[in-house]
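J.: just to be clear, the model below is a prediction. Sequence and coordinates:
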Amino acid sequence: MATTDKQSALDFINQMFPTETSLSGVDPLMQKIHSEIRRVDAEILTAVRQQSNSGSKAREDLAAATHAVQELIHKMQEIKTKAEQSETMVQEICRDIKKLDFAKKHITTTITALHRLTMLVSAVEQLQVMASKRQYKEAAAQLEAVNQLCSHFEAYRDFEKITELREKFKSIKQILKSHVFSDFSSLGTGKETEETNLLQQLSDACLVVDALEPSVREDLVKNFCSRELTSYQQIFEGAELAKLDKTERRYAWIKRRLRSNEEIWKIFPSSWHVSYLLCIQFCKLTRTQIVDILNNLREKPDVGILLLALQRTLEFEEELAEKFGGGSHSRESGNEIGQDMVGDNNQIVSDIRKKYEKKLGAHNRSENEEKDGYKDFSVPGAGFNFRGIISSCFEAYLGVYVELEEKTLMEHLEKLIQEETWDIEEGSQTNILSSSMQVFLIIRRSLKRCSALTKSQTLFNLFKVFQRILKAYATKLFARLPKGGTGIVAAATGMDGQIKTSDKDERLICYIVNTAEYCHKTSEELAENVSKIVDPQFADRIDMSEVQDEFSAVITKALITLVNGIETKFDAEMAAMTRVPWGTLENVGDQSEYVNAINIIVGASIPVLGRLLSPIYFQFFLDKLASSLGPRFYLNIFKCKQISETGAQQMLLDTQAVKTILLEIPSLGKQVSAVTGYSKFVSREMSKAEALLKVILSPIDSVADTYCALLPEGTPGEFQRILDLKGLKRVDQQSILDDYNKRGAGTYQPSMKTAIPASSNTSIAPNPSTNAGIIPLKEEIVARAAALGRGAATNGIRRILALTESTTRDRKDGPLRKLFTG
């Protein structure tokens with residue numbers, strides 16, 4: 001920093017005095033600088049003096065402010081003291097005034113209390129007179145007045161006079177209550193027609209009841225309802241009418257009673273809801289009597305009578321719900337149900353169906369909600385539901401109805417199976433059996449009938465019946481599938497377990513697959529509908545998974561049967577293939593006759609199957625067919641006798657033709673949505689047969705190399721069988737087998753699945769290093785085969801080259817076969 005300042009000073013001097021001549025101006029410059037210094041010193045001295053004066057002034061100002069604050073606090077304390085003195089003065093002035101004010105208030109209260117006491121004594125005496133004379137109308141008004149006066153003396157209830165008046169008032173109310181109850185006991189005895197003023201007197205008595213405690217009104221109404229239902233109880237507990245088929249007469253009795261006494265019962269205030277409470281007590285009594293009737297039955301109740309009684313009960317409950325504001329549901333009366341059901345039980349289900357389709361909704365109500373009192377039901381529709389109050393007692397006895405439904409459904413199912421043609425008309429778009437739609441139609445009708453009666457345990461039990469019906473239908477479908485040969489003859493001819501199917505059988509299998517698929521889907525929809533209808537406590541238990549599993553098993557068995565049937569059609573062609581004299585063929589020609597026969601079989605069956613089956617099941621069929629025919633064709637080659645080189649070339653040509661036929665199956669069925677995986681699998685499986693034939697075509701000295709290269713998973717047993725097909729004698733085979741075994745222990749490690757079972761802890765797989773040697777080995781094979789110089793092998797060698805390349809590509813793709821097995 002000092003160096004920088006020094007350098008700046010030098011620069012400034014050099015700038016001011018750049019030459020020697022300019023040094024003459026040094027003195028004037030120095031004088032100017034000294035003058036500037038003196039001026040700056042003077043300014044600094046002046047600033048210091050001013051700052052000193054400002055500090056002393058600030059201290060003086062602070063002291064003055066502090067003194068002012070102290071004076072202000074002193075003045076505020078003086079004001080507070082004067083205010084307290086003023087308040088004390090005012091209290092002294094008003095003390096006498098307050099005493100006078102309290103005295104006036106107490107005198108006024110005393111006068112008012114004495115006046116009200118006088119009024120209370122007078123009112124109680126007047127009420128006593130009115131009660132003795134049964135002047136109910138005046139007594140009602142007097143009761144209101146006495147109640148209001150008594151409320152003013154709640155604070156004085158410990159006083160002897162007040163206690164005496166209260167006890168007297170209580171006894172008068174008891175007298176009024178007994179008089180009212182006595183007068184109401186004559187209601188309904190006929191006196192109301194003889195004494196014209198009786199109804200008016202009872203109407204006035206209702207005013208007294210309203211003025212008394214609410215419990216008096218409840219007791220009166222309950223007493224009245226019990227008295228009204230006494231005759232009902234006596235009538236319908238008798239041997240003649242205490243029957244289930246007389247249930248309708250019970251409801252007719254209460255309806256008639258309500259109509260005939262409608263004018264008389266107008267004496268009751270509408271707020272009492274006497275008819276409403278009477279119906280509640282009637283329902284409870286009726287429920288008890290019906291339960292006793294059902295419990296005392298010596299045998300199962302007649303289904304027709306039981307359902308008729310339940311139906312009439314539901315109708316009655318619906319009428320009560322509509323009458324007393326409990327909601328409304330659309331319904332239609334069925335006056336002819338009883339006659340239909342009593343006549344013939346076998347016709348019950350069909351007869352009552354039309355009658356029950358438009359019946360009530362939910363009737364569920366827990367019995368725990370029933371109460372003896374009427375406090376919760378003073379207003380219609382408030383906390384009480386007539387729906388189910390009686391009908392719910394039938395629930396435990398509807399097992400016979402469920403049994404009848406199951407019997408009827410089973411009979412319908414048997415009839416539908418007998419009438420089923422097991423065929424579908426041409427041009428039909430559904431391709432499902434008509435019996436399946438009829439089965440679900442009768443199930444829906446049964447569900448509709450039951451849901452009109454109950455949505456509780458009975459409906460859940462009926463759902464279980466639906467499950468059994470559908471399982472039975474699945475069993476019927478399963479039984480219609482073509483069966484394999486059985487018995488001694490089938491076993492002796494090698495036909496045991498084989499399934500022969502005609503074109504009609506194949507169509508039937510497709511119809512069964514489509515029908516089972518329809519039932520699988522529709523059963524789930526049925527379960528959803530039932531879960532929406534049934535009571536919530538059963539909704540979680542509605543499940544059709546077992547039924548769906550049954551139909552899924554039918555679909556799987558049908559498709560496997562279809563594959564087995566197609567395989568059986570190929571039996572004759574596979575046998576014809578083994579009978580061809582492959583060892584004596586002189587030249588290679590067109591594809592063999594058995595290939596043409598296979599093409600005819602496929603051409604006749606596949607278009608029909610593709611048209612009738614859905615894409616997903618057609619794909620399943622293709623997968624199973626490919627997983628069966630490919631390995632079968634491969635193993636069928638081993639069943640042939642000796643195969644010459646010309647025969648192997650002809651068989652290669654046939655193999656390519658069969659492969660082409662199999663690859664064209666999806667397009668032949670007009671379903672190519674998932675053809676990629678199928679084509680890869682067919683190509684892989686048929687390439688094994690092509691590789692086997694290439695091994696047979698290879699020269700003897702390189703047959704082991706060719707086998708290990710093209711069939712690395714082959715077994716020693718298969719290799720020895722290949723040597724047999726080439727026509728080698730056992731003596732000549734030994735050296736080749738020894739060479740193969742040495743290779744198997746070294747570079748090649750073929751799978752020994754067929755010869756030696758692999759343990760659970762050991763996985764035998766081809767050596768990965770084998771792939772690296774495939775290409776040079778292939779070129780060596782081609783060179784050796786070409787060196788043979790046989791004219792008949794020219795085209796065959798070209799095919800070997802192309803097919804070997806495709807085989808190698810397919811082998812690299814991995815074991816796709818797993819996707820199609822199982």
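T.: Alright, I've got the coordinates.
J.: CA atoms only: put stretch 266-278 into CSV for me.
T.: The C-alpha trace of stretch 266-278 is given here as CSV (Å, rounded to 0.1, in the frame of the first residue of the first chain):
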residue,chain,number,x,y,z
LYS,A,266,-113.2,-38.9,16.0
ILE,A,267,-113.7,-38.0,19.7
PHE,A,268,-110.0,-38.6,20.0
PRO,A,269,-107.7,-35.7,19.0
SER,A,270,-105.9,-36.3,15.8
SER,A,271,-102.6,-35.8,17.6
TRP,A,272,-103.2,-39.0,19.6
HIS,A,273,-103.0,-41.2,16.5
VAL,A,274,-105.3,-43.8,18.1
SER,A,275,-105.8,-45.8,14.8
TYR,A,276,-102.1,-45.8,14.2
LEU,A,277,-101.3,-47.2,17.7
LEU,A,278,-104.1,-49.6,17.5
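J.: average pLDDT across that stretch?
T.: For stretch 266-278, mean pLDDT is 82.
J.: what's the answer for stretch 475-495, then?
T.: The average pLDDT for stretch 475-495 rounds to 64.
J.: and if you look at stretch 120-139?
T.: In this model, stretch 120-139 has a mean pLDDT of 77.
J.: please apply the same query to stretch 206-219.
T.: Averaged across stretch 206-219, pLDDT comes to 80.
J.: let me see the residues that make contact with that stretch.
T.: Stretch 206-219 is contacted from outside by 136-137, 139-140, 143-144, 147, 173, 176-177, 180, 220, 267-269, 272, 373-375, using Cβ atoms under 8 Å, 6 or more residues apart in numbering. Every C-beta, even on glycine, is put in place using the N, C-alpha and C of the backbone.
J.: low pLDDT regions in this structure?
T.: In the predicted model of the chain, residues 1-6, 188-196, 238-240, 326-384, 426-428, 484-497, 672-674, 743-822 satisfy pLDDT under 70.
J.: next SSE downstream of the longest helix belonging to it?
T.: In the chain, with assignment by DSSP state H, the single longest helix is helix 26-133. Downstream of helix 26-133, the next assigned helix or strand under DSSP states H and E is helix 136-152.
J.: on contacts alone, who are the packing partners of that following helix?
T.: Packing partners of helix 136-152 (3 or more Cβ pairs under 8 Å, 6 or more residues apart in numbering; DSSP states H and E): helix 26-133, helix 160-184, helix 198-211.
J.: chain center to the first one, what's the gap?
T.: By that I understand helix 26-133. Offset of helix 26-133 from its chain centre (Cα atoms, centre = their mean, to the nearest Å): 74 Å.
J.: compute the inter-axis angle for it and helix 160-184.
T.: If you take axes from the mean of the first three to the mean of the last three Cα atoms, to 10 degrees, helix 26-133 sits at 60 degrees to helix 160-184.
J.: list the helices and strands helix 26-133 packs on?
T.: Partner elements for helix 26-133 (3+ Cβ pairs under 8 Å, 6+ apart): helix 136-152, helix 160-184.
J.: mean neighbour count and distance to residue 224 added to the ones you listed, as JSON lines?
T.: JSON lines is the format used below for those (neighbours: other Cβ atoms under 10 Å; distance: least, Cβ to Cβ, whole Å):
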{"stretch": "helix 136-152", "mean neighbour count": "18", "distance to residue 224": "17"}
{"stretch": "helix 160-184", "mean neighbour count": "16", "distance to residue 224": "6"}
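J.: format these as a markdown table; extra columns: distance to residue 537.
T.: Formatted as a markdown table, the helices and strands packed on helix 26-133 follow (distance: least, Cβ to Cβ, whole Å):
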| stretch | distance to residue 537 |
| --- | --- |
| helix 136-152 | 49 |
| helix 160-184 | 44 |
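J.: for residue 539, find the nearest of those.
T.: helix 160-184 (49.0 Å; Cβ to Cβ).
J.: and the contacts of the closest one?
T.: 117, 120-121, 124, 127-128, 131-132, 134, 136, 139, 143, 146, 150, 153, 156-157, 198, 201-202, 205, 208-209, 212, 216, 220, 223-224.
J.: let me know which of the helices and strands packed on helix 26-133 is the nearest to residue 683.
T.: Closest of the helices and strands packed on helix 26-133 to residue 683 is helix 160-184, at 100.4 Å (criterion: Cβ to Cβ).
J.: thinking again about what came up before, which one of the helices and strands packed on helix 26-133 lies nearest to residue 423?
T.: Minimum separation from residue 423 across the helices and strands packed on helix 26-133 (Cβ to Cβ) falls at helix 160-184, 78.8 Å.
J.: what's the closest non-adjacent residue to residue 305?
T.: Using Cβ to Cβ, 6 or more residues apart in numbering and skipping residues adjacent in sequence, the residue nearest residue 305 is residue 245, 4.8 Å away.
J.: count of neighbours near the one you found?
T.: Using other Cβ atoms under 10 Å, residue 245 is surrounded by 16 other residues.
J.: doesn't it belong to a helix?
T.: Yes. Residue 245: assigned to a helix according to DSSP: H, G, I helix; E, B strand; the rest coil.
J.: how near is it to residue 320?
T.: 22 Å (Cβ to Cβ, to the nearest Å).
J.: check which helix or strand covers residue 628.
T.: Residue 628 belongs to helix 615-638, assigned by DSSP H and E.
J.: next one: the helix or strand following that helix to chain centre, how far?
T.: Next in sequence after helix 615-638, counting helices and strands by DSSP H and E, comes helix 645-663. In terms of Cα atoms, centre = their mean, the centre of helix 645-663 is set 55 Å apart from its chain centre.
J.: please save the CA atoms from the very next helix or strand once past helix 645-663 in CSV.
T.: Later in the chain than helix 645-663, the nearest helix or strand by DSSP H and E is helix 665-668. The C-alpha coordinates for helix 665-668 follow below in CSV (Å, rounded to 0.1, in the frame of the first residue of the first chain):
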residue,chain,number,x,y,z
ILE,A,665,-54.6,-73.1,-39.8
PRO,A,666,-55.2,-69.6,-38.2
SER,A,667,-55.9,-68.1,-41.6
LEU,A,668,-58.0,-71.1,-42.5
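J.: tell me the buried residues in the helix or strand following helix 665-668?
T.: The helix or strand immediately downstream of helix 665-668 is helix 675-697, counting by DSSP H and E. Applying a neighbour-count criterion of 16 or more other Cβ atoms under 10 Å, one finds 675, 678-697 buried in helix 675-697.
J.: in the stretch 351-500 of the chain, which spans are helices?
T.: For the stretch 351-500 of the chain, the helices defined by DSSP state H, counting those that start in this stretch occupy 399-419, 434-453, 457-479, 488-492.
J.: residue 76: which of these is closest?
T.: Taking the helices of the stretch 351-500 of the chain one by one with Cβ to Cβ, helix 457-479 is closest: 88.5 Å.
J.: tell me how far the closest one lies from the chain's centre.
T.: Here helix 457-479 is found 21 Å from its chain centre; the criterion is Cα atoms, centre = their mean.
J.: now for it, which elements pack on it?
T.: Secondary-structure packing of helix 457-479 (3+ Cβ pairs under 8 Å, 6+ apart): helix 399-419, helix 434-453, helix 503-533, helix 536-539, helix 545-569.
J.: okay, the angle between it and helix 399-419?
T.: Counting by the same axes, to 10 degrees, helix 457-479 lies at 20 degrees to helix 399-419.
J.: is it possible to export the helices and strands packed on helix 457-479 to TSV including mean neighbour count and distance to residue 577?
T.: Below are those laid out as TSV (neighbours: other Cβ under 10 Å; distance: least, Cβ to Cβ, whole Å):
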stretch	mean neighbour count	distance to residue 577
helix 399-419	17	42
helix 434-453	20	42
helix 503-533	20	23
helix 536-539	13	61
helix 545-569	19	14
